[in-house]
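In: Kindly generate the corresponding structure for this input.
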Amino acid sequence: MKATPTLEPHIRVAAADCDPLRLVGLRALLAPLSCFELSSVDPSEITSRRDIDVVLLWNQAGKKVFDVMAGLRARNLELPIVVTGNQMDDEAMYRAITFGAKGCVEEGASAAEFARAFRAVHEGSVWVPRRVLSLFIERAVERRSLPSSRRGFTNREKEVLELLVAGRSNREIGSPLGIEERTVKAHVAKLMRKVGVQNRIALSMHAITHSLVSLG
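Out: Numbers count the residues shown, from 1 in each chain. Below is the predicted model of the structure:
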């Protein structure tokens, strides 16, 4: 008896204030992947729409993408944001994540790379190129004043942190622990407050550099 194949979730990606030619190019790139639906949207409409799973922003010369992100954050946007564009060097990606983006992809990336980023942020994780992680490691090491002990963590928070550092999404953290995704999000938010960081990558890097988790 054959096992039923696992279907990829259908992910609706809204490109905000995107150049039409770039939108056509990305549509063509993602065309072989039927699980993605790409549309264009004005940034002012995002918070009122109910048919969006992931927001895609282009960081281009002359466009104030970080101002757009700040405006969305001020309106309590809960949708994950992925930033791409030809102005996305390592420092810009670092800044985008610290500003609240959940993912960064180079404009010339492959369809597989965009797909991995969209899936990761849709599942509650953060996605950046591997080399950008070194920036978070270096800067986490520099922040010696942050608390470096797990004594202030509950047992559940320690379990969540271990799985977070292992690269698990909220769903993948919650399943073995027997808790809902929203409960995982609450634990992660509390952990970030306790160690003084603003996002999941910084939390993971802080945990690694301060030996808060076992990597063995």
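In: got a pLDDT number for Pro147?
Out: pLDDT recorded at Pro147 is 50.
In: immediately after the helix or strand bottoming out on mean pLDDT in the chain, which helix or strand?
Out: The helix or strand of the chain with the lowest confidence, counting by mean pLDDT, DSSP states H and E, is helix 130-142 at a mean of 69. Sequence order places helix 155-165 as the next helix or strand after helix 130-142, per DSSP states H and E.
In: sec struct for Ala14, please.
Out: What DSSP: H, G, I helix; E, B strand; the rest coil gives for Ala14 is strand.
In: who's in contact with it?
Out: Shown in contact with Ala14 (Cβ atoms under 8 Å, 6 or more residues apart in numbering): 39-41, 46, 49, 52, 54-56. C-beta: built from backbone N, CA, C; applies to glycine.
In: I would like a ChimeraX command selecting only the buried ones among those residues, please.
Out: Here is the ChimeraX selection string for the buried members of the contacts of Ala14, based on 16 or more other Cβ atoms under 10 Å:
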select :41,46,52,54,55,56
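In: out of the contacts of Ala14, which one sits closest to Val160?
Out: Taking Cβ to Cβ as the measure, Val160 lies nearest Val54 of the contacts of Ala14, at 23.5 Å.
In: okay but the closest one is in contact with Glu123, surely?
Out: No: judged on Cβ atoms under 8 Å, Val54 makes no contact with Glu123 at a distance of 10.6 Å.
In: Can you report how many residues neighbour Phe66?
Out: Phe66: 17 surrounding residues under other Cβ atoms under 10 Å.
In: actually Arg50, not the one I typed
Out: Arg50, neighbours per other Cβ under 10 Å, totals 4.
In: what's the distance between the residue nearest the centre of the chain and Ala96?
Out: What sits nearest the mean C-alpha location of the chain, by Cα atoms, centre = their mean, is Lys102, with 2.3 Å. Distance from Lys102 to Ala96, counting by Cβ to Cβ, to the nearest Å: 9 Å.
In: Next: Val126.
Out: 11 Å.
In: For those two, indicate the residue with more neighbours.
Out: For Val126 versus Ala96, neighbours defined as other Cβ under 10 Å are more numerous around Ala96 (26 against 22).
In: rewinding a little: and of the contacts of Ala14, the nearest to Pro20?
Out: Distances from Pro20 to the contacts of Ala14, taken by Cβ to Cβ, are shortest for Ser40, at 7.8 Å.
In: immediately after the strand or helix carrying the closest one, which helix or strand?
Out: Using DSSP H and E, Ser40 sits within strand 36-41. Moving toward the C-terminus from strand 36-41, the next helix or strand (DSSP H and E) is strand 54-58.
In: What is that next one packed up against?
Out: strand 11-16, helix 65-74, strand 81-84, helix 111-122 (3 or more Cβ pairs under 8 Å, 6 or more residues apart in numbering; DSSP states H and E).
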